[in-house]
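generate coordinates for the sequence data below:
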Amino acid sequence: MSTNTGTVQHTGLTAAAAATFVVFGINGLVFASWAARIPAVTETLNITSGQMGTLLLCTAIGSLLALPTAGLVVGRIGTANTVRCGGVLAAIAGAGIALSLSAESIPGTAVSLFFFGIAIGLWDVSQNIEGADVEHKLRRTIMPQFHAAFSGGAFLGALIGAALSNLGVDLPLHLLVIAGIVVLVTLIAPRYFLPHVSTSPAKGEAKAERGPSAWRDSRTVLIGIVVLGATLTEGAGNDWIAKASVDGIGTTESTGALMFALFVLAMTAMRFLGGRVIDKYGRVAVLRASMAAAAAGLGLFVLAGNIWLAAAGAALWGIGAALAFPMGMSAAADDPDHAPARVSVVSTLGYISFLAGPPLLGYLGDLTGIHLALLAIMAPIVLALLLAGAAKPLPANRQADSA
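Numbers count the residues shown, from 1 in each chain. Predicted coordinates for the structure are as follows:
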């Protein structure tokens, strides 16, 4: 009987891991379908880098409004239903972006991007909480592989974006097809997630940790600051590497999309290998090495005199950007009892830079050119490197006591 029960539990855990992998992958595909064709958006709407930054800021504001409460939403309705809500809203917003671009409407695009940001915020926190739960039950580091699925989806999305751009396919049509895929996947895949356990305490039990108390946990906030600094390098690469290649190196739009694809491919490969590396050397050492690689790759990309050196820089930049966010999510979820609230806090702080940082780079890009503006990322990378010790795993006896 116990053997059968164990087999069923293992099968359910395997299915949950596979479903989480798929959800991360489609999330990356959605993001890259937009990011890889940002140059096409600026051309369609006839706007500058700074104005494009304002549109990206609409996405950031939507996500930053959703992220602080996402942990509470997950606690009440579960990760599966939260992913479904986020996915459907993202598809509706994607259709809104497509229609707004067809009409060359900047206000319509801005409103659609705002709701797209809300959807992505809910979706991201819930998938990371599910991933952390699966990781704890598997008893090995697997979170980087889930984020590799995101990067793999983004790589596929970037390749599709480059191909469609080269073929002259309209971005609105591209986005409408992606919206249909999102609805299908996010309604079906979450049914294989782990069973939802309500965070509402039984009578006589202590209340579960909520957002405000999680924000007062010093370790959680420090991890969030590390992630804030570290994820800016990923967010800036995602949003601006294609356009920086066009503006700074003089590549074509399709080649810029391929440069973005190379950046994402490097992240994907490192994330697939990352679990073993982290288990062998530890989070802190890997996080510090990652930030050093990101700084070196960024510098090479910006200062390179030709496309081949720039491509090498983009690859190294992607390797350095690969593991910071998944390690931050794992660190925040070290104590499973408080994972929803703490992952929500770290996600919020991380997304301040991941989503709001690139638009600010767009404004700076109006003054210096977006290519040189990327050098501003060096400061938060150094900060993340200095504070990396905060991600050290909790001792087993502290996981149950921390609050």
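
so Val221 sits against Val345, correct?
Yes - if you go by Cβ atoms under 8 Å, Val221 and Val345 touch, sitting 7.1 Å apart. Glycine gets a C-beta too; all of them are placed from N, C-alpha and C.

now do the shared contacts for the two.
Common neighbours of Val221 and Val345, using Cβ atoms under 8 Å, 6 or more residues apart in numbering, are Trp215.

those two - which one has more neighbours?
Val345 (26 against 17; other Cβ atoms under 10 Å).

quick one: low-confidence parts of the chain?
Counting by pLDDT under 70, the chain contains low-confidence residues at 1-10, 197-212, 354-356, 396-403.

state which helix of it is the longest.
helix 49-102 (DSSP state H).

that one packs against which elements?
On a contact count with 3 or more Cβ pairs under 8 Å, 6 or more residues apart in numbering; DSSP states H and E, helix 49-102 meets helix 2-35, helix 38-45, helix 106-138, helix 171-188, helix 211-215, helix 339-368.

swap the cut-off to 7 Å and go again
Under the contact criterion of 3 or more Cβ pairs under 7 Å, 6 or more residues apart in numbering; DSSP states H and E, helix 49-102 touches helix 38-45, helix 106-138, helix 171-188, helix 211-215, helix 339-368.

closest to Arg84 out of the ones you listed?
Smallest distance to Arg84 across those (Cβ to Cβ): 5.6 Å, for helix 171-188.

what comes up buried for stretch 262-281?
Within stretch 262-281, the residues that count as buried by 16 or more other Cβ atoms under 10 Å are 262-275, 277-278.

next, the angle helix 2-35 makes with the longest helix of the chain.
Orientation check (axes from the mean of the first three to the mean of the last three Cα atoms, to 10 degrees): helix 49-102 against helix 2-35 gives 100 degrees.

and the angle from helix 49-102 to helix 38-45?
Going by the same axes, to 10 degrees, helix 49-102 makes 70 degrees with helix 38-45.

residues contacting the helix or strand where Gly318 lies, please?
Using DSSP states H and E, Gly318 maps to helix 307-321. Contact with helix 307-321 is made by 233-234, 237, 241, 245, 249, 251, 259, 262-264, 266-267, 270, 290-291, 293-294, 296-298, 300-301, 304, as judged by Cβ atoms under 7 Å, 6 or more residues apart in numbering.

and if you look at stretch 383-393?
Contacts of stretch 383-393 (Cβ under 7 Å, 6+ apart): 219, 222-223, 225-226, 229-230, 283-284, 287-288, 291-292, 324, 327-328, 331, 334.

out of these, which are buried?
219, 222-223, 225-226, 229-230, 283-284, 287-288, 291, 324, 327-328, 331, 334.

orientation of the helix or strand hosting Ala384 relative to helix 339-368 in degrees?
Here Ala384 sits within helix 378-386, counting by DSSP H and E. In terms of direction (the same axes, to 10 degrees), helix 378-386 departs from helix 339-368 by 150 degrees.

mind listing what's buried in helix 378-386?
For helix 378-386, burial by neighbour count (16+ other Cβ under 10 Å) applies to Pro380, Ile381, Leu383, Ala384, Leu385.

okay, the fourth one and Gln145: tell me how far apart.
Here the distance between Ala384 and Gln145 works out to 22 Å (Cβ to Cβ, to the nearest Å).

of all the buried residues of stretch 262-281, which comes closest to Ala376?
Of all those, Ala376 sits closest to Phe263, with 17.8 Å by Cβ to Cβ.

for that closest one, helix, strand, or coil?
helix (DSSP: H, G, I helix; E, B strand; the rest coil).

the residue lying closest to Phe325 once chain neighbours are set aside is in what secondary structure piece?
Take Phe325 and drop its neighbours on the chain: the residue closest to it by Cβ to Cβ, 6 or more residues apart in numbering is Thr231, 5.3 Å away. If you go by DSSP H and E, Thr231 is part of helix 218-244.

in that helix, which residues are buried?
If you call a residue buried by 16+ other Cβ under 10 Å, then helix 218-244 has these buried ones: 219-244.

report the inter-axis angle for that helix versus helix 49-102.
Put simply, helix 218-244 runs at 80 degrees to helix 49-102, going by the same axes, to 10 degrees.

and the spatially closest residue to Asp124 that is not a sequence neighbour, how many neighbours?
Sequence neighbours aside, Ser347 is the residue nearest to Asp124 in space, at 6.3 Å (criterion: Cβ to Cβ, 6+ apart). By other Cβ under 10 Å, 29 other residues sit near Ser347.

measure Ser347 to Ala70 for me?
Relative to Ala70, Ser347 is positioned 7 Å away (Cβ to Cβ).

which residues do the two both contact?
Contacts common to Ser347 and Ala70, judged by Cβ under 7 Å, 6+ apart, are Val125.

thinking again about what came up before, run the chain-centre distance for the helix holding Ala384.
In terms of Cα atoms, centre = their mean, to the nearest Å, the centre of helix 378-386 is found 19 Å from the chain centre.

swap in stretch 241-252?
With Cα atoms, centre = their mean, you get 23 Å for stretch 241-252.

ok, now stretch 288-300?
Stretch 288-300 sits 19 Å away from the centroid of its parent chain (Cα atoms, centre = their mean).

and stretch 170-182, by the same measure?
20 Å.

and if you look at stretch 94-102?
So, by Cα atoms, centre = their mean, the centroid of stretch 94-102 is 22 Å from its chain's centroid.
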